[in-house]
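J.: No letters, just coordinates:
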């Protein structure tokens with residue numbers, strides 16, 4: 001893993017920990033339960049190296065937004081800030097990364 005990838009992974013882990021702590025402050029709801037499960041899955045996949053940090057961030061960003069729409073949840077400013085950090089981490093850094101992301105369909109929704 002290159003220095004740039006290590007920095008992205010470090011930023012991702014920090015963002016996921018922040019997201020997890022902000023989610024635990026919400027009232028107990030199906031949204032909170034499912035979102036915490038998604039964050040736990042993302043932390044596991046990033047820690048074990050099962051997916052690249054960019055793909056974990058992209059998957060979480062997409063899946064949490066899908067959950068927000070499905071549950072009609074209103075997000076707090078701190079959750080919105082965490083999601084915007086995920087969006088920034090999910091962006092491909094080069095053309096080759098963007099092309100690689102187009103061919104990957106493993107977004108692990110519901111796991």
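T.: On my side now, so go ahead. Quick caveat: nothing in here was measured; it's all calculated off a predicted structure.
J.: And the helix or strand where residue 10 lies, what does it pack against?
T.: Taking DSSP states H and E as the definition, one finds residue 10 inside helix 3-24. Applying 3 or more Cβ pairs under 8 Å, 6 or more residues apart in numbering; DSSP states H and E, one finds that helix 3-24 makes contact with helix 30-48, helix 53-71, helix 77-90. Just so you know, the C-beta spots here come from the backbone N, C-alpha and C atoms, and that holds for glycine as well.
J.: Give me the mean pLDDT for the first one.
T.: Right, the one you point to is helix 30-48. Here helix 30-48 scores 92 as its mean pLDDT.
J.: what residues does it touch?
T.: Defining contact as Cβ atoms under 8 Å, 6 or more residues apart in numbering, one finds that helix 30-48 is touched by 9, 12-13, 16, 19-20, 23-24, 26, 50-51, 53, 56-57, 59-60, 63-64, 67-68, 71, 73, 108, 111.
J.: Torsion angles phi and psi at residue 27?
T.: When read as degrees, to the nearest 10, the backbone of residue 27 gives phi -70, psi 150.
J.: Equivalent analysis for residue 52, please.
T.: The phi/psi pair for residue 52 (degrees, to the nearest 10) is phi -70, psi 150.
J.: so what's the residue nearest the centre of the chain scoring on pLDDT?
T.: Centroid-nearest residue in the chain: residue 60, 3.0 Å away (criterion: Cα atoms, centre = their mean). On pLDDT, residue 60 comes in at 91.
J.: and it, what does it touch?
T.: The contact partners of residue 60, taken as Cβ under 8 Å, 6+ apart, are 16, 19, 38, 39, 42, 86.
J.: For residue 69, see how far away it is.
T.: 15 Å (Cβ to Cβ, to the nearest Å).
J.: Can you give me the neighbour number for the residue nearest to residue 50 when sequence neighbours are not counted?
T.: The shortest distance from residue 50 to any non-neighbouring residue, by Cβ to Cβ, 6 or more residues apart in numbering, is to residue 44 (7.7 Å). The local packing of residue 44 (other Cβ atoms under 10 Å) involves 11 other residues.
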